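Colleague: here is a sequence with its predicted model. Questions after.
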Amino acid sequence: MDITDSDDYKYGFSMPERTIHGTGRGLSASVVRQISEIKDEPEWMLDFRLKSYELFTKASRPKWGPDLSALDYDSITYFRKSTESAVKSWDDLPPEIRETYDRIGVPEAEKDFLAGVSAQYESEVVYESVQKELTKQGVIFCDMDTAVRKHPDIVREYFGTLVPPGDNFSAALNSATWSGGSFVYVPKGVHVTLPLQAYFRINSESFGQFERTLIVADQGSFVHYLEGCTAPIYRTDSLHSAVVEIFVKKGARVRYTTVQNWSGNIYNLVTKRAKAEEDAIMEWVDCNLGSKVTMKYPAVILAGRGARGEMLSLALAGKGQHQDTGARMIHLAPDTHSRIVSKSISKDGGRSSFRGDIRVAKNASGCSSSSVCDALILDKDSRSDTYPSLRTDVSDARLAHEATVEKIGEEKLFYLASRGIGTDAAEGLLVNGFIEPVVKDLPMEYSLELNRLINLEMEGSVG
Amino acid sequence: MLSIKNLSAAISDKEILLGITLDFEPGKTYVVLGPNGSGKSTLAATIMGRPDIAVTDASELAWNGENLKALSADKRARLGIFLSFQSPLPIPGVSVEELLRCALDGEKDLVALHKELRGFAKEIGLDEEFLSRSIHDGFSGGERKKVEAIQAAALAPSLAIFDEIDTGTDTDAVKRIAEFLSAHLPQEATKIFITHSPKLIELLRPDSVVILKEGRVVAEGGRDLAVKTIKEGFEGIK
């Protein structure tokens, strides 16, 4: 079945018939060459893409997890100029998406941008001042395409080394077709005070479908990278396949926050991996709200003594959605520590799965890891599963795993009702309370937006 | 006025209230006594509108002439009815201040509410931190009851029912709670206390005492009825 077409039908609009600077639908070696050519890339990147494409054609699909059989790789357009992306006008958007924008109060210019109606988000003033400050500190922050051209040495040293193209089928596909995404380099000892947001890069490729992000935080540095927003992001094509690689050098700290709310037609397949060296800290904060299927299991490879890895995860699975997420902590060095906090909510027949994978290698003594996975199921049609895996080759590792499943109790609802709080608002309050341990680590504006969005979801008014 | 006529109610087919008829007048304080299992808590929850309690068609339950049976608990609360719970459940991630902000949405200025709650906490002898912590989560008996009393004061109900506001608290806390409530509940409010505590009854100086037994009202009277009953037990009352 061609899901792109079926969704087009549902939303009542048609795909653009031709693209001027695009590849058309489907994927082949010549399409991969075409992408590289349009981008005017060096030979090594073309080779990387072609090898990746080979691997993709041979890669087997996972035999576990969500059903991906409806995903038709031949119906997808793998590259097009940003101005060609998605819908042509505001009126072409599905009404649910428009309504959600209105209700969460997204400003007009931003709405157009998120919906793909406009390729430009006018935040240039902010962007310029931020960019000036960063340049002064020696920080490089640009889109990945620019980085390949302007900073080839550093990109080549790291690109595809943490998530090699052969890692999994989605990583292979991304490696062959990637476009957009961010490149960040933070020099030794530099602390970037403002969170870096993909938003500032003001082009729609920052929300592209095959984005590729590479962050290198040199010794003793600190950076917080933020991607996404709580407003739903609408794209006509149904696949988002991204790769994120992060290198956290000795004593450095990186926090990577994602808040994503893809529209309900999107398969969101993301490979995220970080490598933390001696005394480095890597923190993933990952909030997944929309999409049809999400498969995402951010990893931290704890490669140096004393490294720490943290994962705060939040998933909301609504009608027709399967959030298959998780975290992976690989303890390769002694005295490394990891912590996982996962909160999932399933409602209206939605399904959430959490896969925790903790490994402690030989010689990695004195390690500890704790996982807490809490699931909230709002009705009997919804489902939640936890798949923990703890493996250790040393005897002194302290590994703890805890999982709870909760339903919203009548008793709590009655208590809130006795204070004059109606069922929808009470459920919103309880759900927001449930996710609070993750949300409190988000920047203020995100946590407020998220709370508001949860309240909207509880009113059952968001599609 | 709360007017109850021939009220019979069951929880999962078990009949608990068997034809109760009572009037509760504004500005007055009532004490409801009775042995365990007599239906006191069920009566309170029925007035509040707990959804799993089935009330018979013949039962009448009216607040200032309005039929409460047709209203959900949150609507009853909006009419000014309040219930303090005997053993309220913890709600992770929701503080009492957030809860009241949600309950008083648009009715009270947020800054004023914030200030008022801090004043209440100080007066009742509760550390401020309990206002911003997850409600009832890891609270002691006394802390829970003080938080219930603070909510009663903030919501300023016209009918306030307290289901064992004294249990799990020490003598000093009972005194503080009683004094706090008499200072902050609206004068014209109808106040109903379910309790076993002579100390609380002494502090409350109720206008009227009702005794429940096996789902029925077995005695009504003044303060002396409470004193006598507590001294002699429920055995003698038919």
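Modeller: Looks like it arrived, so ask away. Source: prediction; values computed, not measured. Residues are numbered from 1 along each chain as shown, chains lettered A, B, ... in the order given.
Colleague: which residues of the chain score low on pLDDT?
Modeller: Since no chain was named, I'll use chain A. Chain A contains residues with pLDDT under 70 at A:1-22, A:80-94, A:100-101, A:103-129, A:198-208, A:229-237, A:460-463.
Colleague: let's do chain B instead
Modeller: B:238.
Colleague: now do the strands in it.
Modeller: B:2-11, B:14-24, B:29-33, B:53-55, B:60-63, B:66-67, B:81-84, B:91-95, B:134-135, B:159-163, B:190-194, B:208-213, B:216-221 (DSSP state E).
Colleague: the residue of chain A found nearest chain B and A:V372, how far apart?
Modeller: Nearest residue of chain A to chain B: A:G433, at 2.8 Å (C-beta to the nearest C-beta). Where you see a C-beta, it was placed from the backbone N, CA and C, and this is true even at glycine. A:G433 sits at a distance of 16 Å from A:V372 (criterion: C-beta to C-beta, to the nearest Å).
Colleague: re earlier: what's near enough to touch the residue of chain A closest to chain B?
Modeller: B:I91, B:P92, B:G93, B:V94, B:S134 (C-beta atoms under 8 Å, 6 or more residues apart in numbering or on different chains).
Colleague: for it, grab phi and psi.
Modeller: Reported as degrees, to the nearest 10, the phi and psi values for A:G433 are phi -60, psi -40.
Colleague: would you mind measuring from B:V147 to chain A?
Modeller: B:V147 sits 12 Å away from chain A, going by C-beta to the nearest C-beta, to the nearest Å.
Colleague: quick check: the gap between that residue and B:I47.
Modeller: 21 Å.
Colleague: which among the contacts of A:G433 gets closest to chain A?
Modeller: B:G93 (2.8 Å).
Colleague: ranges for the strands of the stretch 201-350 of chain A?
Modeller: Here the stretch 201-350 of chain A has its strands, by DSSP state E, counting those that start in this stretch, at A:212-217, A:222-228, A:239-248, A:253-260, A:267-276, A:281-288, A:293-296, A:299-302, A:308-317, A:322-331, A:337-346.
Colleague: switch these over to a markdown table; also include distance to chain B.
Modeller: A markdown table is the format used below for the strands of the stretch 201-350 of chain A (distance: least, C-beta to the nearest C-beta, whole Å):
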| stretch | distance to chain B |
| --- | --- |
| strand A:212-217 | 31 |
| strand A:222-228 | 23 |
| strand A:239-248 | 29 |
| strand A:253-260 | 18 |
| strand A:267-276 | 26 |
| strand A:281-288 | 15 |
| strand A:293-296 | 24 |
| strand A:299-302 | 26 |
| strand A:308-317 | 12 |
| strand A:322-331 | 20 |
| strand A:337-346 | 10 |
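Colleague: including mean neighbour count, could those go into TSV?
Modeller: Compiled in TSV, the strands of the stretch 201-350 of chain A are given as follows (neighbours: other C-beta atoms under 10 Å in any protein chain shown):
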stretch	mean neighbour count
strand A:212-217	25
strand A:222-228	21
strand A:239-248	26
strand A:253-260	22
strand A:267-276	25
strand A:281-288	24
strand A:293-296	25
strand A:299-302	27
strand A:308-317	25
strand A:322-331	26
strand A:337-346	24
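Colleague: re earlier: of the contacts of A:G433, list those near chain A.
Modeller: Subset of these in contact with chain A: B:I91, B:P92, B:G93, B:V94, B:S134, counting by C-beta under 8 Å from any C-beta of the partner chain.
Colleague: list just the nearest of the residues you listed to B:E25.
Modeller: For the ones next to chain A among the contacts of A:G433, the residue nearest B:E25 by C-beta to C-beta is B:I91; the value is 33.9 Å.
Colleague: measure that closest one to B:E116 for me?
Modeller: From B:I91 over to B:E116 (counting by C-beta to C-beta), the distance is 21 Å.
Colleague: just to check, B:F162 is in contact with B:M48?
Modeller: No - between B:F162 and B:M48 there is no contact under C-beta atoms under 8 Å: 11.8 Å.
Colleague: what does stretch A:50-58 rub up against?
Modeller: A:L27, A:A29, A:V32, A:R33, A:P165, A:G166, A:F169, A:A172, A:L173, A:N174, A:S175, A:A176.
Colleague: compare those and tell me which is most surrounded.
Modeller: Neighbour counts for the contacts of stretch A:50-58, by other C-beta atoms under 10 Å in any protein chain shown, peak at A:N174, which reaches 30 neighbours.
Colleague: hey, where'd the helices end up in chain A?
Modeller: Taking DSSP state H, the helices of chain A run over residues A:3-11, A:29-38, A:43-58, A:95-104, A:108-115, A:124-137, A:144-150, A:152-158, A:169-177, A:410-417, A:423-439, A:444-458.
Colleague: return the most buried member of those.
Modeller: helix A:169-177 (a mean of 26; mean count of other C-beta atoms under 10 Å in any protein chain shown).
Colleague: the inter-axis angle of that helix versus strand A:212-217?
Modeller: 90 degrees (axes from the mean of the first three to the mean of the last three C-alpha atoms, to 10 degrees).
Colleague: contact residues of chain B facing chain A?
Modeller: Looking at chain A, the residues of chain B close enough under C-beta under 8 Å from any C-beta are B:45, B:48-52, B:72-74, B:77-78, B:82-83, B:85, B:88-89, B:91-94, B:98-100, B:102-105, B:134, B:151, B:155.
Colleague: give me the buried subset of the residues you listed.
Modeller: Buried subset of these (neighbour count, 16 or more other C-beta atoms under 10 Å in any protein chain shown): B:45, B:48-50, B:73-74, B:77, B:82-83, B:85, B:88, B:91-94, B:98-100, B:102-104, B:134, B:151, B:155.
Colleague: re earlier: and the contacts of stretch A:50-58 as CSV, adding distance to A:H224?
Modeller: Shown next, in CSV, are those (distance: C-beta to C-beta, whole Å):
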residue, distance to A:H224
A:L27, 35
A:A29, 39
A:V32, 34
A:R33, 37
A:P165, 28
A:G166, 31
A:F169, 31
A:A172, 30
A:L173, 29
A:N174, 24
A:S175, 26
A:A176, 30
